[in-house]
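Participant: this one's sequence-less:
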């Protein structure tokens, strides 16, 4: 048994299974990383693109999509701890565009059929995705409000194509829409982190990307994380693919030289806009596992801040109203920008474990009970269902524990 409590033979099983997924053509390549008690194991399998070419490396850059949201939540908590923001204050102090909200009479109803919001949106609402607006269940084009958001160019789903509007114009346009539900009523995915990105920039009085670089990425040594890939690093960006839901065949989603992420975006998307590497995200995940500490004596957040971020914030009523599949919340909750495991229902479902997934092919969790950080990065999107490689990775990460 190694110093990190890993089984060498069982780590070999992870390598074999991941290589099989690559060989079967399910995914061009994978980078897996598991770190426990200071011992980190990394495997890079496959290539950056379909059909061969350059092999994936440990420092390959991936679009991490919704794994942006935990970073945005941590940045928000930095400002909360500096008293630039307060969790339960209305956001309209800095986002006056969101004052005096109207709420749809029913989700599938006309935009003119509204009632007054019962209370303002708070910072906590944004962090917990309870602001009253987000991605509704079912096809988004089934709802007039989502069609209106698309017509306004808001890109409230995956950031491709990206919105052409800067943060202030994006918020102005968003504020012309009614909320889908009353603030605090239910969990609705994604949009809260987009609004948080605008809020952070105004609270910090600097662009979101600048604040993240100065206060999160530089302290943690996340040298390859940002909202775009500079020209000198483009050769490390993996091509991005999405599987056809009927045939399973991988189709191009985003290239490299012509990538949307090859240039700074007009709107730094706090919900899904970042690129990163496995080691960069390990630095973030380890900081969270260490309750805000990093390096030799550095501290990004206080222990209480990390603890509240990683505590389930949703009530049973809010979960029941979320519209997810029956049983989806039975052993899961939501903190600030992270999913939280609340009950054991599988090998990898350890209560207290927290993290999140990126829909374009990435996943992360930190597990205090097992003293572990685990990350998988691939370039195969996980729409509409998680890939077999994703599901196997989490089983394999935990089965490799040898103590």
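Facilitator: Good, I have the coordinates. This structure is a prediction, so every number in the text was calculated from the model and none was measured.
Participant: partner strands of the longest strand anywhere in the chain and their direction?
Facilitator: Secondary structure of the chain per DSSP state E: the longest strand is strand 39-49. Here strand 39-49 is paired, per DSSP bridges, with strand 29-36 (antiparallel), strand 52-55 (antiparallel).
Participant: check the gap between residue 3 and residue 39 for me.
Facilitator: 5 Å (C-beta to C-beta, to the nearest Å). Every C-beta, even on glycine, is put in place using the N, C-alpha and C of the backbone.
Participant: which of the two has more residues huddled nearby?
Facilitator: residue 39 (12 against 9; other C-beta atoms under 10 Å).
Participant: per-residue pLDDT, the more buried one?
Facilitator: Residue 39 carries a pLDDT score of 95 in this model.
Participant: so it touches residue 8, yeah?
Facilitator: No: between residue 39 and residue 8 there is no contact under C-beta atoms under 8 Å: 11.6 Å.
Participant: which residues do these two both contact?
Facilitator: residue 2 (C-beta atoms under 8 Å, 6 or more residues apart in numbering).
Participant: so what would you say the end-to-end distance of stretch 295-312 is?
Facilitator: Stretch 295-312 has an end-to-end distance of 28 Å (criterion: C-alpha to C-alpha, to the nearest Å).
Participant: list the buried residues for that stretch?
Facilitator: For stretch 295-312, a neighbour-count test (16 or more other C-beta atoms under 10 Å) marks 300, 301, 305, 306, 308, 309, 310, 311, 312 as buried.
Participant: returning to that earlier point: for the strands paired with strand 39-49, which one sits closest to residue 291?
Facilitator: Judged by C-beta to C-beta, the one of those that comes nearest to residue 291 is strand 29-36, at 16.0 Å.
Participant: quick one: the helices in this protein?
Facilitator: 8-23, 68-81, 123-127, 144-151, 167-174, 191-204, 208-212, 218-220, 278-289, 303-309, 316-320, 388-399 (DSSP state H).
Participant: make CSV out of these and add mean pLDDT.
Facilitator: Conversion of the helices of the chain to CSV gives the following (pLDDT from 0 to 100):
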stretch, mean pLDDT
helix 8-23, 95
helix 68-81, 98
helix 123-127, 98
helix 144-151, 95
helix 167-174, 98
helix 191-204, 98
helix 208-212, 98
helix 218-220, 98
helix 278-289, 98
helix 303-309, 98
helix 316-320, 92
helix 388-399, 95
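Participant: columns distance to residue 159 on top of the ones you listed, output as CSV?
Facilitator: Converted to CSV, these look like this (distance: least, C-beta to C-beta, whole Å):
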stretch, distance to residue 159
helix 8-23, 26
helix 68-81, 9
helix 123-127, 18
helix 144-151, 13
helix 167-174, 12
helix 191-204, 9
helix 208-212, 14
helix 218-220, 23
helix 278-289, 18
helix 303-309, 23
helix 316-320, 26
helix 388-399, 21
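Participant: residue 343: which of those helices is closest?
Facilitator: So among those, helix 316-320 is nearest, using C-beta to C-beta, at 12.7 Å.
Participant: tell me how far the closest one lies from the chain's centre.
Facilitator: Offset of helix 316-320 from its chain centre (C-alpha atoms, centre = their mean, to the nearest Å): 22 Å.
Participant: show me what it is in contact with.
Facilitator: In contact with helix 316-320 (C-beta under 8 Å, 6+ apart) are residues 130, 184, 185, 186, 187, 329, 333.
Participant: one more: stretch 335-345?
Facilitator: With C-beta under 8 Å, 6+ apart as the test, stretch 335-345 has contacts from 69-74, 76-77, 127-128, 193, 308-313, 330-334, 349-356.
Participant: switch the cut-off to 7 Å
Facilitator: With contact meaning C-beta atoms under 7 Å, 6 or more residues apart in numbering, stretch 335-345 is reached by 69-70, 72-73, 77, 127-128, 193, 308-313, 330-334, 349-356.
Participant: what subset of those is buried?
Facilitator: Buried among the contacts of stretch 335-345 (16+ other C-beta under 10 Å): 69-70, 72-73, 77, 127-128, 193, 308-313, 332-334, 350, 353-356.
Participant: would you mind finding the most buried of the strands paired with strand 39-49?
Facilitator: Highest mean neighbour count among these (mean count of other C-beta atoms under 10 Å): strand 29-36, with a mean of 25.
Participant: low-confidence stretches in this protein?
Facilitator: 1, 325-326, 384-385 (pLDDT under 70).
Participant: check contacts around the closest residue to residue 131 other than its chain neighbours.
Facilitator: Sequence neighbours aside, residue 125 is the residue nearest to residue 131 in space, at 4.4 Å (criterion: C-beta to C-beta, 6 or more residues apart in numbering). Residue 125 makes contacts with 131, 183, 184, 192, as judged by C-beta under 7 Å, 6+ apart.
Participant: give me the neighbour count for the second one.
Facilitator: Other residues within reach of residue 183 by the criterion other C-beta under 10 Å amount to 23.
Participant: would you agree it is in contact with residue 128?
Facilitator: No: applying C-beta atoms under 7 Å as the test, residue 183 and residue 128 come out as separate, 10.7 Å apart.
Participant: so what's the residue nearest to residue 396 when sequence neighbours are not counted up against?
Facilitator: Spatial nearest neighbour of residue 396, chain neighbours left out: residue 14 (4.0 Å); criterion: C-beta to C-beta, 6+ apart. Contacts of residue 14 were listed using C-beta under 7 Å, 6+ apart, and they are 32, 43, 396, 400.
Participant: if you set the cut-off to 8 Å instead, what comes out?
Facilitator: By C-beta under 8 Å, 6+ apart, the contact list for residue 14 reads 32, 34, 43, 393, 396, 397, 400.
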